[in-house]
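[1] predicted model follows, preceded by the sequence.
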Protein chains: 2
Amino acid sequence: MENLNLQIKINSTLFVKDPESSALGREIIAHSIEMINSLGFESFTFKKLGDAIGSNESSIYRYFANKHMLLIYLINWYWSWMDYKIVLHTLTLNNAQDKIKRAIELLVADVKQDSNFSFINEVLLNRIIISESSKAYHNIDVDLENEKGFYMVYKQVVQRVSDFILEYDPHYEFPHMLVSTIIEGAHHQRYFAEHLPALTDVEEGQNNIIRFYTNLVFNTLK
Amino acid sequence: MENLNLQIKINSTLFVKDPESSALGREIIAHSIEMINSLGFESFTFKKLGDAIGSNESSIYRYFANKHMLLIYLINWYWSWMDYKIVLHTLTLNNAQDKIKRAIELLVADVKQDSNFSFINEVLLNRIIISESSKAYHNIDVDLENEKGFYMVYKQVVQRVSDFILEYDPHYEFPHMLVSTIIEGAHHQRYFAEHLPALTDVEEGQNNIIRFYTNLVFNTLK
DNA sequence: AAAAATTAATAGTAATACTATTATATTTGT
DNA sequence: ACAAATATAATAGTATTACTATTAATTTTT
């Protein structure tokens, strides 16, 4: 499964100019992922990014209206990529239980680099999703941005896995709650394991997060 | 249960001067809760707060080093209050299942105003916890701040409810994960219900969030 | 090759998040 | 009671941030 020549298509309302359309745009994406990781989103600025890629702050504004929109772009890229991975890895499975297990693994496990998308470091992007993505929607403009479709791809992922849940247990009342609880929960647990271990029970090499959420789901469903 | 003359004691490393010690300090707390709610944490500034209470920006710096520390203070107040409520409402219960149910209700249900703490609006403070509190620990300085004890009260609440879980099922492997999943999950579901309803299954007056998390816990435990 | 369009860089601005200094009020010791 | 000590508040600043308007340079199109 290498060199598939794929490109994740991103809603054009999220950027001013498509960063995939130029070398500078790709530099912006690649380096912003590294810098948001190393500095944290609050300390990351377009000025610092410009310096890092040998370009000017104002040139970055030609691609993204502000750093919030760059974060939204990265989050959308991540969920589009995750959605593609879920489809790819469940397509050949023909029972709902296996599909759910596979989806949980993909959503909850440590992310590995995907060689199909060369200028994106998926490992670091996953860390951004864990540490920074809630800042995107915990925002005073969330309703307006939701109307504009900024969170559509995330909702699509939740819907896809909810459909597996309903395939497995058609009468289950709360499929979306269950799926969003797993996704957000797993991100929290990874963050807690690294920074606030008293809030979790993660142990080295035990895959406790996957076991915990898999048990949670199949004990809850019929 | 009225007029108990209680005061929530807050770790003195969190403030420069104790806001409960003066009228100005209490104004700062009361109005910051309102303003963080109405403006969102990013748009809230000490300048605007100063204007709102007819005082100067620099006077607020005599109480809190910066707005991040004010948020940490509010979060600590909330969790101290919640911990007190959990103790109060489970003390007379003598079986673990009832204690867990009561704790979930307190952690997950809509918050009501508590007349014992007059200058704090607990309803609005709960909204801040839901919308803004993850910004406190999703911060580049989380490890340092954790060492300083900024998140101790939250960890104490998780520990207290984890102990109920272990009382009910002494061999359960993941009590902290389960409790932090419920707390953070319930906050997410309330936020989603208001702003991103496709991610949840909340219906008016159905108490779905409490039912969902109560089922989750008792299906997971023996 | 000239005109049109795109892109980049310079130089600004308003707002933010503080800080240093000074002025004013309050408390305390004798 | 009253000066000295201490606490508090206000003024006026600064460095940084998050942009924007304008101009310069380059590339593309005809």
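    Sure, I can see it.

[2] centroid-nearest residue for chain A?
    Closest to where the C-alpha atoms of chain A average out (CA atoms, centre = their mean) is residue A:78, at 4.0 Å.

[3] what helix or strand does that residue sit in?
    helix A:67-90 (DSSP states H and E).

[4] packing partners for that helix?
    With contacts taken as 3 or more CB pairs under 8 Å, 6 or more residues apart in numbering or on different chains; DSSP states H and E, helix A:67-90 sits against helix A:23-39, helix A:96-108, helix A:122-137, helix A:152-168. To be clear about C-beta, it is placed using only N, CA and C from the backbone, and glycine gets the same treatment.

[5] to residue A:72, which of these lies closest?
    helix A:122-137 (5.7 Å; CB to CB).

[6] from residue A:76, how far out is whatever residue of chain A ends up closest to DNA strand D?
    Distances between chain A and DNA strand D by CB to the nearest atom of the strand are smallest at residue A:66, namely 2.9 Å. Residue A:66 sits 16 Å away from residue A:76, taking CB to CB, to the nearest Å as the criterion.

[7] these two: which has the busier surroundings?
    Counted by other CB atoms under 10 Å in any protein chain shown, residue A:66 and residue A:76 do not tie: residue A:76 has more neighbours, with 22 against 11.

[8] my read: the more buried one touches residue A:12, true?
    No: look at residue A:76 against residue A:12 with CB atoms under 8 Å: they stay out of range, at 11.2 Å.

[9] if we can go back for a sec, tabulate the helices and strands packed on helix A:67-90 (CSV), appending distance to residue A:48, mean neighbour count and mean pLDDT.
    Formatted as CSV, those follow (distance: least, CB to CB, whole Å; neighbours: other CB atoms under 10 Å in any protein chain shown; pLDDT from 0 to 100):
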stretch, distance to residue A:48, mean neighbour count, mean pLDDT
helix A:23-39, 7, 18, 91
helix A:96-108, 32, 19, 97
helix A:122-137, 16, 20, 96
helix A:152-168, 28, 19, 97
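
[10] so which of these is nearest residue A:8?
    It is, among these and with distance given as CB to CB, helix A:152-168, at 9.6 Å.

[11] does that closest one reach chain B?
    Yes: Helix A:152-168 lies within reach of chain B by CB under 8 Å from any CB of the partner chain, at A:154-155, A:158-159.

[12] and what of stretch A:207-215?
    Yes: using CB under 8 Å from any CB, we find that stretch A:207-215 touches chain B at A:208-209, A:212, A:215.

[13] with only the CA atoms kept, save that stretch in PDB.
    C-alpha atoms of stretch A:207-215 as PDB (Å, rounded to 0.1, in the frame of the first residue of the first chain):
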ATOM      1  CA  ASN A 207      -2.600  -1.100  25.000                       C
ATOM      2  CA  ASN A 208      -4.900  -0.200  27.900                       C
ATOM      3  CA  ILE A 209      -6.600   2.600  26.000                       C
ATOM      4  CA  ILE A 210      -7.700   0.300  23.200                       C
ATOM      5  CA  ARG A 211      -8.800  -2.400  25.600                       C
ATOM      6  CA  PHE A 212     -10.600   0.000  27.800                       C
ATOM      7  CA  TYR A 213     -12.700   1.600  24.900                       C
ATOM      8  CA  THR A 214     -13.300  -1.800  23.100                       C
ATOM      9  CA  ASN A 215     -14.600  -3.200  26.400                       C
END
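
[14] show residues contacting it.
    Applying CB atoms under 8 Å, 6 or more residues apart in numbering or on different chains, the contact partners of stretch A:207-215 are A:101, A:104-105, A:108-109, A:182, A:185-186, A:189-190, A:193, A:201-202, B:173-174, B:177-178, B:220.

[15] buried residues in it?
    Buried residues in stretch A:207-215, counting neighbours by 16 or more other CB atoms under 10 Å in any protein chain shown, are found at A:208-210, A:212-214.

[16] between which two of those is the distance greatest?
    Using CB to CB, the buried residues of stretch A:207-215 span at most 10.6 Å, a distance reached by A:208 and A:214.

[17] could you pull up the residues touching residue A:156?
    Contact analysis of residue A:156 by CB under 8 Å, 6+ apart lists A:79, A:83.

[18] re earlier: so for the residue of chain A closest to DNA strand D, what's the pLDDT?
    Looking at residue A:66, its pLDDT stands at 91.
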